[in-house]
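*Asks:* model this:
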Amino acid sequence: MPVHADANIVTADALTLLLHNQHALGAAIEEVTKWLSDNGVHTVADNAYVAMQTLDTNAKAITDAITRLRQY
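*Replies:* Have a look, this model is predicted:
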């Protein structure tokens with residue numbers, strides 16, 4: 001196996017762990033957003049929702065990078 005393939009595997013594995021963290025953070029922000037919304041703090045809930053959208057967008061990019069790395 002070429003050396004760069006080993007590096008790709010290590011990088012893809014690290015990105016996968018970061019992606020799992022990203023999903024966990026998104027779930028936590030979603031819970032906080034719901035609580036904020038239910039308790040009338042709508043402006044902050046809206047800001048948290050925007051943060052969740054950013055996490056989703058970045059998760060897609062991380063997933064794409066993992067897929068590309070694992071192809072080599």
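*Asks:* Run through the helices of the protein in chain order.
*Replies:* 3-38, 42-70 (DSSP state H).
*Asks:* Enumerate the positions of the last one that are buried.
*Replies:* If I follow you right, that is helix 42-70. Ala45, Ala48, Met52, Leu55, Ala59, Ile66, Leu69 (16 or more other C-beta atoms under 10 Å). C-beta here means a position set from N, CA and C on the backbone, and glycine is covered the same way.
*Asks:* quick one: the fourth one and Gly26, what's the gap?
*Replies:* Right, the one you point to is Leu55. The gap separating Leu55 from Gly26 is 5 Å, by C-beta to C-beta, to the nearest Å.
*Asks:* same check, this time on the first one
*Replies:* From Ala45 over to Gly26 the distance is 15 Å, taken as C-beta to C-beta.
*Asks:* now do the second one
*Replies:* Summarising the geometry, the distance separating Ala48 from Gly26, computed by C-beta to C-beta, is 10 Å.
*Asks:* got any residues that touch both of these two?
*Replies:* Counting by C-beta atoms under 8 Å, 6 or more residues apart in numbering, no residue touches both Ala48 and Gly26.
*Asks:* pLDDT value on the residue nearest the centre of the chain, please?
*Replies:* Among the residues of the chain, the one closest to the centroid is Gln22, at 3.0 Å (C-alpha atoms, centre = their mean). Looking at Gln22, its pLDDT reads 95.
*Asks:* ok, the residue nearest to it when sequence neighbours are not counted - contacts?
*Replies:* Nearest non-adjacent residue to Gln22, counting by C-beta to C-beta, 6 or more residues apart in numbering: Ala59, 5.0 Å away. With contact set as C-beta under 8 Å, 6+ apart, Ala59 has these partners: Leu19, Gln22, His23, Gly26.
*Asks:* Export those as TSV, with columns for distance to Val10.
*Replies:* Output for the contacts of Ala59, formatted as TSV (distance: C-beta to C-beta, whole Å):
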residue	distance to Val10
Leu19	15
Gln22	19
His23	21
Gly26	25
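*Asks:* Buried among those? Need that as a selection in PyMOL.
*Replies:* Buried members of the contacts of Ala59, defined by 16+ other C-beta under 10 Å, are picked up in PyMOL with:
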select buried, resi 19+22+26
